[in-house]
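# sharing a model prediction with you, sequence too.
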Amino acid sequence: MSSHISDSFNPDMQQYFQCGRYRLPVNTPQARPLVMGILNVTPDSFSDGGRFHALEFALSHAEQMIADGVDIIDIGGESSRPGSPALSLEEELDRVMPAIYALRDCGKPLSIDTYKPGVMREAIAAGADLINDINGFRASGALEAVSDSDCGLCVMHMQADPQTMQFKPEYQDVVAEVSAFLSERVTVLEQAGVARNRISIDPGFGFGKTLAHNVALLQSIGDIQRKLDLPLLAGMSRKSMLGELTGKPLERRLAASLAAALAAVAQGAKIVRVHDVAETVDALAVWQAAQQ
């Protein structure tokens with residue numbers, strides 16, 4: 001993709017996002033939105049039905065994402081779809097560790113989508129570069145698991161938990177409350193010794209939010225990012241909010257997912273988390289050309 005100077009360029013924000021072995025440009029004049037590709041190694045993923053559960057298929061999918069221009073590979077061993085059951089530590093480790101070992105020298109930062117401190121510690125020791133925590137590092141031991149490393153951290157907002165989060169979520173002011181939560185968690189991380197350039201934020205689209213809440217957050221990405229002065233990750237790919245907006249079933253949400261990614265980066269998101277890497281990379285290339 002060609003580079004451009006984004007309208008969301010903020011000279012006060014950190015220029016690089018430190019992710020373990022990698023320094024990812026997020027706020028340099030040459031920076032472009034980063035594409036995080038989703039690699040599910042779960043048998044019950046909401047989006048791909050567990051097709052990449054077997055290691056050989058997961059590795060093949062990762063190789064294709066790399067060929068398609070992915071910037072970060074996000075490995076997930078536990079489904080976080082609404083109503084999904086919790087997974088034991090041992091089973092999650094059994095799912096994700098082989099993928100980490102197999103991909104740690106692939107030339108791309110490896111992200112681990114987990115809220116379990118035990119998985120965080122093992123993943124970091126094995127070479128993971130980013131911990132993507134839907135629980136905002138609130139679990140006992142999570143801060144200790146990540147504070148002494150140099151891995152990047154993504155702090156996400158979630159109301160309740162995956163089992164109950166979509167049961168009548170309520171907010172007085174969703175943008176203000178999500179921003180306040182993220183700000184509080186960033187402060188806690190910094191007080192634990194985490195350097196600010198290791199932190200990114202995620203408003204948690206679909207995690208304890210109605211369609212109206214999700215749309216309000218999408219419209220306010222720029223405000224949230226400017227307030228916290230940190231790179232923001234947006235993850236809306238194939239989610240039910242897109243089905244509600246378009247009336248399309250899961251397998252027909254590619255166009256909506258691309259539109260959501262473009263809307264997010266137009267609002268100032270620095271990272272988009274997606275299933276469809278090749279299509280997103282192409283869409284962003286066209287969008288960037290129009291910004292020059």
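Cool, the structure landed.
# residue 142 touches residue 118, doesn't it?
No. Contact criterion CB atoms under 8 Å: residue 142 and residue 118 do not qualify, at 10.0 Å. Bear in mind the C-beta positions are built from the backbone N, C-alpha and C, glycine included.
# so those two - more neighbours on which side?
residue 142 (24 against 16; other CB atoms under 10 Å).
# show me the contacts for the more buried one.
115, 117, 120, 133, 135 (CB atoms under 8 Å, 6 or more residues apart in numbering).
# swap in residue 119?
Contacts for residue 119 (CB under 8 Å, 6+ apart) come out as 77, 89, 92, 93, 96, 112.
# equivalent analysis for residue 215, please.
Listed by CB under 8 Å, 6+ apart, the contact partners of residue 215 are residue 241.
# model confidence over the host helix or strand of it, on average?
Here residue 215 sits within helix 211-219, counting by DSSP states H and E. Averaging pLDDT along helix 211-219 gives 97.
# chain center to it, what's the gap?
Averaging C-alpha positions (CA atoms, centre = their mean, to the nearest Å) puts helix 211-219 17 Å from its chain's average.
# then stretch 270-279?
How far stretch 270-279 lies from its chain's middle: 10 Å, per CA atoms, centre = their mean.
# residue 68: neighbouring residues, count only.
Residues near residue 68, counting by other CB under 10 Å, number 16.
# can you show me the helices along the stretch 1-150 of the chain?
Applying DSSP state H, counting those that start in this stretch to the stretch 1-150 of the chain gives helices spanning 55-67, 89-103, 117-126, 142-147.
# out of those helices, which gets nearest to residue 42?
Among those, helix 89-103 comes nearest to residue 42, with 6.8 Å by CB to CB.
# what helices or strands is that closest one leaning on?
Secondary-structure packing of helix 89-103 (3 or more CB pairs under 8 Å, 6 or more residues apart in numbering; DSSP states H and E): helix 55-67, strand 72-76, strand 110-113, helix 117-126.
# try it again with 10 Å
If contacts are counted by 3 or more CB pairs under 10 Å, 6 or more residues apart in numbering; DSSP states H and E, helix 89-103 sits against strand 34-40, helix 55-67, strand 72-76, strand 110-113, helix 117-126.
# out of those, deepest packed?
Counting by mean count of other CB atoms under 10 Å, strand 110-113 has the highest mean neighbour count of these, with a mean of 28.
# partners of that strand in the sheet?
Strand 110-113 pairs in its sheet with strand 72-76 (parallel), strand 130-133 (parallel), by DSSP bridges.
# got JSON lines for the ones you listed, with distance to residue 271 too?
Shown next, in JSON lines, are those (distance: least, CB to CB, whole Å):
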{"stretch": "strand 72-76", "distance to residue 271": "7"}
{"stretch": "strand 130-133", "distance to residue 271": "10"}
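# between those, which gets nearest to residue 146?
Nearest of the strands paired with strand 110-113 to residue 146, taken as CB to CB: strand 130-133 at 5.6 Å.
# for the record, mean pLDDT for that closest one?
Here the average pLDDT along strand 130-133 is 98.
# in it, what's buried?
Using 16 or more other CB atoms under 10 Å as the test for burial, strand 130-133 gives 130, 131, 132, 133.
# ok, so of those, who is nearest residue 106?
Lowest distance from residue 106 to these (CB to CB) belongs to residue 130, with 13.8 Å.
# need the contact list for that closest one.
Residues near residue 130 by CB atoms under 10 Å, 6 or more residues apart in numbering: 17-20, 22, 24, 36, 72-75, 109-113, 123-124, 151-154, 198, 200, 271.
# so it bridges to which residues?
Counting by DSSP bridges, the residues bridging with residue 130 are residue 111, residue 152.
# any idea how far it lies from residue 199?
Residue 130 is 11 Å from residue 199, where distance means CB to CB, to the nearest Å.
# out of the helices and strands packed on helix 89-103, nearest to residue 235?
Residue 235 lies closest to strand 34-40 among the helices and strands packed on helix 89-103, at 7.9 Å (CB to CB).
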